[in-house]
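Asker: Quick one, what's the 3D model for this:
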Amino acid sequence: MTLASDRLAPMANAIRALSMDAVQAANSGHPGMPMGMADVATVLFAKFLKFDPSQPKWADRDRFVLSAGHGSMLIYSLLHLAGYASPTLDDIRNFRQLGSVCAGHPENFLIEAVECTTGPLGQGVAMAVGMAMAERHLAATFGDDLVDHNTWVIAGDGCLMEGVNHEAVGLAGTLKLGRLKVLWDDNKITIDGDASLSTSEDIPARYRASGWDVFECDGHDFADIERALGQAAASGKPTLVACRTVIGKGAPNKQGGHDVHGAPLGDAEIAAARSHLGWTSAPFEIPAEVLADWRSLGERGAKLRAEWEARLSASDKAAEFTRRMNGELPSGDEAAKAFAGWLEGESNVATRKASENVLNVLAPLVPEMVGGSADLTGSNNTKAKCQAPFTAEDYAGRYVYYGIREFGMSAAMNGMALHGGVIPYGGTFLIFSDYARNAIRMSALQQTRVIYVLTHDSIGLGEDGPTHQPVETVMSLRLIPNLNVFRPADVIETAECWQLALESAETPSVLALTRQNLPQLRTSGDMLSARGAYTLRRAKGDRKVILIATGSEVELAVKVRDALEAQAIGADVVSMPCMELFEAQDSAYKHEILPNDPSILRVSIEAGVTHGWERFTAFSRNGGLNIGLDRFGASAPAKVLFERFGFTVDAIVPKIMDQLSA
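Answerer: Down below sits the predicted model:
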């Protein structure tokens, strides 16, 4: 069904009415952007977007990302008007209220048709880059008959100013992601006032210089919008459409100014807007003929979906495609057999190298794994032997050279995971995770299966010095909810942690890995790391001390234990590769590993800040003992640094003896 311009205007005004009414009812929100982009969004949904409201997770739908997530009433209005089951009109009436799926910013875990959580500006564009990457990779793998869709984005001035946008735009241009279409709400307004207060750059020129096509349109002229979006749809390059709009369009006394950005219009201005727009319906009421026009849009998508389902049913790739899109892992039997063979060895390698060895087992068996690194491939050891580069010339490749773009890489991986069919992992130095921290947080919030391979995890990296030594970083990452932070002690724990990360479909993972070699400590084939912590060595006599350590310090804890046992002091060694998994265990198991016995001294050993270890050591003899590094490191060989900062048997045993005798 083709809708004429005179039918589009009331459809766009329905967005404006719902947006201003919902923000007013909540006495909170951002009406300016939804009202300003209502015309563009209406043309997009009516003329270009491939979607079926009855099947919001149809694999070959176009992806729609509202990067300017503060304007959430735009997407809520669009989804409701187009006929999606969620959000309902009651949800919209309760915008920004507890219990409503219409949160202040769109949340992918609340509404099925919201592709990604947005609000931190710029990340929606960067996640869309990842979605476009996943689309091209799956198309190269399964063919255009099964995978052939666009990723459309609405972004504002703030999205284009953020640093992550520059990273994402450069990556998309290099990879020639022609299925990516960004619609820029070019209203020349930010919260502080006119955009000219803070920016003078030529944004179209920047995009063109990055390998994008750029088109422009009057964002309130339906024919001009359709022309520009048609050019974007036909382009073989990633595309920016500069939509010149008026923020708050339709509010006659406030449109065009920054005051309409993030505050309710007020009753008087809403009344004036209704009169100006010729909108006579009561708040939250949509005229039947307007709603019917909106609901008709899904008919085209339903037909396309039915045709696609027929192609899928006839394809010999259907089972594998469906498995990947459902996020189901292939059998792990071959990997388990390979890792079991490692138990018989005496490996002495850095856990970053152990991780590479694990990848050489897993990557051939789990073809949806797509790796990469932010220009540190040789240091992160993230490339498996079977992986070819993912490039504009070969989208079937499974290894991405992200360049020095930690934030952009991490946000793109979120987009890849959210698209489906891909399990992304990417590497950088642990210290540089701070560049990517908000994207890592967004991984956790969005419940994505993204794996961060973060190497050079302590002062053990040595001579690069305190700028690169992440003394506080591991513990700070542990503060993020729904993030598993793994710090394995040897090759066996590294293999286990990788397997656990792959199995965690709704929890992202960090693998914090060493630069320096570590001996193999494990000979048991049980999946002990799944419990988060376990007893690696048991006291020979009466247990007086429990040594709790992670990563490279587990080896040290074993040596300290041996020294204590030589003095008839019984000591357990507990390896704790993942605090989060240990905290999730039942009380019986936790008390088995760390008994509530105040006569036993608990000692934590980790080459990082001690803050946070108190929860495991405080309930013990004399309040426990925390061995760590509550200062920055220094530049020297690793062995010298560990000695300098007291990570030796000779330094730790006397502290334990003093605590026992106190």
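
Asker: Go ahead and confirm Phe339 touches Val361.
Answerer: Yes - under the criterion of C-beta atoms under 8 Å, Phe339 makes contact with Val361 at 7.0 Å. Quick note: C-beta positions are derived from backbone N, CA and C, even for glycine.

Asker: any residues in contact with both of the two?
Answerer: Taking C-beta atoms under 8 Å, 6 or more residues apart in numbering as the criterion, Phe339 and Val361 both touch Ala495.

Asker: Distance of Ala636 relative to Thr610?
Answerer: 22 Å (C-beta to C-beta, to the nearest Å).

Asker: Give me the pLDDT for Met1.
Answerer: Note for Met1: predicted pLDDT of 53.

Asker: Wait, a strand at Tyr425?
Answerer: Yes - under DSSP: H, G, I helix; E, B strand; the rest coil, Tyr425 sits within a strand.

Asker: Look up which residues are beta-bridged to it.
Answerer: Ile451 (DSSP bridges).

Asker: ok, it - contacts?
Answerer: By C-beta under 8 Å, 6+ apart, the neighbours of Tyr425 are 369-372, 382, 413, 450-453.

Asker: What about these, which one has the most neighbours?
Answerer: Met413 (35 neighbours; other C-beta atoms under 10 Å).

Asker: nearest spatial neighbour of that one, skipping sequence neighbours?
Answerer: Pro424 (3.9 Å; C-beta to C-beta, 6 or more residues apart in numbering).

Asker: isn't the one you found right next to Ile451, touching?
Answerer: Yes - with contact defined as C-beta under 8 Å, Pro424 reaches Ile451; the gap is 7.3 Å.

Asker: can you put the contacts of Tyr425 in JSON lines and add pLDDT and distance to Gly266?
Answerer: Below are these laid out as JSON lines (pLDDT from 0 to 100; distance: C-beta to C-beta, whole Å):
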{"residue": "Met369", "pLDDT": "98", "distance to Gly266": "53"}
{"residue": "Val370", "pLDDT": "99", "distance to Gly266": "49"}
{"residue": "Gly371", "pLDDT": "98", "distance to Gly266": "52"}
{"residue": "Gly372", "pLDDT": "98", "distance to Gly266": "49"}
{"residue": "Thr382", "pLDDT": "98", "distance to Gly266": "54"}
{"residue": "Met413", "pLDDT": "99", "distance to Gly266": "43"}
{"residue": "Val450", "pLDDT": "99", "distance to Gly266": "43"}
{"residue": "Ile451", "pLDDT": "99", "distance to Gly266": "48"}
{"residue": "Tyr452", "pLDDT": "99", "distance to Gly266": "46"}
{"residue": "Val453", "pLDDT": "99", "distance to Gly266": "51"}
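
Asker: so what's Val422 up against?
Answerer: 134, 137-138, 324, 368, 370, 416.

Asker: quick one: which of those sit in strands?
Answerer: Val370 (DSSP state E).

Asker: Just among the contacts of Val422, which is most surrounded?
Answerer: Neighbour-wise, those (other C-beta under 10 Å) top out at Met416, 30 neighbours.

Asker: ok, it - contacts?
Answerer: 130-131, 133-134, 370, 422, 424.

Asker: go again using 7 Å as the cut-off
Answerer: 130, 133-134, 370, 422, 424 (C-beta atoms under 7 Å, 6 or more residues apart in numbering).

Asker: Which pLDDT value belongs to it?
Answerer: 99.

Asker: separation between it and Val370?
Answerer: 7 Å.

Asker: swap in Glu320?
Answerer: 15 Å.

Asker: I'd say Gly426 and Gly372 touch.
Answerer: Yes - using C-beta atoms under 7 Å, Gly426 is in contact with Gly372, at 4.6 Å.

Asker: shared neighbours, these two?
Answerer: 402, 409.

Asker: Could you count how many residues lie near Arg93?
Answerer: 18.

Asker: Spell out the residue ranges of the strands in the stretch 151-300 of the chain.
Answerer: 151-156, 180-186, 189-190, 193-194, 213-218, 239-244 (DSSP state E, counting those that start in this stretch).

Asker: ok, now the stretch 1-150 of the chain?
Answerer: Here the stretch 1-150 of the chain has its strands, by DSSP E, counting those that start in this stretch, at 63-66.

Asker: now the stretch 301-450 of the chain
Answerer: Under DSSP E, counting those that start in this stretch, the stretch 301-450 of the chain gives strands at 348-350, 369-373, 399-401, 423-429.

Asker: what's the angle between the second one and strand 423-429?
Answerer: Strand 369-373 and strand 423-429 are oriented at 20 degrees to each other (axes from the mean of the first three to the mean of the last three C-alpha atoms, to 10 degrees).

Asker: picking up where we left off before, among the contacts of Val422, which ones are in helices?
Answerer: 134, 137-138, 324, 416 (DSSP state H).

Asker: In TSV, list the residues you listed along with distance to Thr550.
Answerer: Formatted as TSV, the ones in helices among the contacts of Val422 follow (distance: C-beta to C-beta, whole Å):
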residue	distance to Thr550
Ala134	33
His137	35
Leu138	37
Arg324	33
Met416	29
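
Asker: mind listing what the residue nearest to Met413 touches?
Answerer: 370, 413, 416-417, 450.

Asker: wait, which of the residues you listed is closest to Val40?
Answerer: When these are compared for distance to Val40 (C-beta to C-beta), Met416 wins out at 26.6 Å.

Asker: of all the strands of the stretch 151-300 of the chain, which lies closest to Asp658?
Answerer: strand 189-190 (58.7 Å).

Asker: so what strands line up beside that closest one?
Answerer: By DSSP bridges, strand 189-190 pairs with strand 193-194 (antiparallel).

Asker: Off-centre distance for the strand it pairs with?
Answerer: 31 Å (C-alpha atoms, centre = their mean, to the nearest Å).

Asker: Equivalent analysis for stretch 398-411, please.
Answerer: Distance, stretch centre to chain centre, for stretch 398-411: 13 Å (C-alpha atoms, centre = their mean).

Asker: Can you give me the buried ones in it?
Answerer: Buried residues in stretch 398-411, counted by 16 or more other C-beta atoms under 10 Å: 398-403, 405-411.

Asker: still on that earlier bit, any chance of the contacts of Val422 in CSV, with distance to Gly163 too?
Answerer: Formatted as CSV, these follow (distance: C-beta to C-beta, whole Å):
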residue, distance to Gly163
Ala134, 23
His137, 26
Leu138, 29
Arg324, 32
Glu368, 30
Val370, 24
Met416, 20
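
Asker: Determine which two of the contacts of Val422 are furthest apart.
Answerer: Within these, two members stand farthest from each other by C-beta to C-beta: Arg324 and Met416, at 12.0 Å.

Asker: Quick check, pLDDT for Ala126.
Answerer: On the pLDDT scale, Ala126 gets 98.

Asker: That one: how many residues sit nearby?
Answerer: By other C-beta under 10 Å, neighbour count at Ala126 equals 34.

Asker: Contacts only, for it.
Answerer: So, once contact is read as C-beta under 7 Å, 6+ apart, Ala126 ends up touching 164-165, 167-168, 408, 411-412.

Asker: A strand includes Arg631, no?
Answerer: No - under three-state DSSP, Arg631 falls outside any strand and is assigned coil.

Asker: quick one, phi psi at Asp572?
Answerer: phi -90, psi 150 (degrees, to the nearest 10).

Asker: Kindly state the beta-bridge partners for Leu625.
Answerer: Going by DSSP bridges, Leu625 forms beta bridges with Val603.

Asker: quick revisit: name the nearest of the ones in helices among the contacts of Val422 relative to Thr351.
Answerer: Met416 (24.9 Å).

Asker: mean confidence for the top helix by length along the chain?
Answerer: Across the chain, the longest stretch assigned as helix under DSSP H is helix 5-26. In this model, helix 5-26 has an average pLDDT of 96.

Asker: CA atoms of it as PDB?
Answerer: Taking C-alpha atoms only, helix 5-26 is exported to PDB below (Å, rounded to 0.1, in the frame of the first residue of the first chain):
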ATOM      1  CA  SER A   5       1.800  12.900   1.400                       C
ATOM      2  CA  ASP A   6      -1.500  14.100   2.700                       C
ATOM      3  CA  ARG A   7      -1.900  10.800   4.500                       C
ATOM      4  CA  LEU A   8       1.600  10.900   5.900                       C
ATOM      5  CA  ALA A   9       1.100  14.300   7.700                       C
ATOM      6  CA  PRO A  10      -1.500  13.000  10.100                       C
ATOM      7  CA  MET A  11       0.600   9.900  10.700                       C
ATOM      8  CA  ALA A  12       3.500  12.100  11.700                       C
ATOM      9  CA  ASN A  13       1.300  14.200  13.900                       C
ATOM     10  CA  ALA A  14       0.200  11.100  15.700                       C
ATOM     11  CA  ILE A  15       3.900  10.700  16.800                       C
ATOM     12  CA  ARG A  16       4.000  14.400  17.900                       C
ATOM     13  CA  ALA A  17       0.800  14.000  19.900                       C
ATOM     14  CA  LEU A  18       1.800  10.900  21.700                       C
ATOM     15  CA  SER A  19       5.200  12.300  22.400                       C
ATOM     16  CA  MET A  20       4.100  15.600  23.900                       C
ATOM     17  CA  ASP A  21       1.300  13.900  25.900                       C
ATOM     18  CA  ALA A  22       3.500  11.200  27.400                       C
ATOM     19  CA  VAL A  23       6.200  13.700  28.400                       C
ATOM     20  CA  GLN A  24       3.600  16.000  29.900                       C
ATOM     21  CA  ALA A  25       2.000  13.100  31.800                       C
ATOM     22  CA  ALA A  26       5.300  12.000  33.200                       C
END
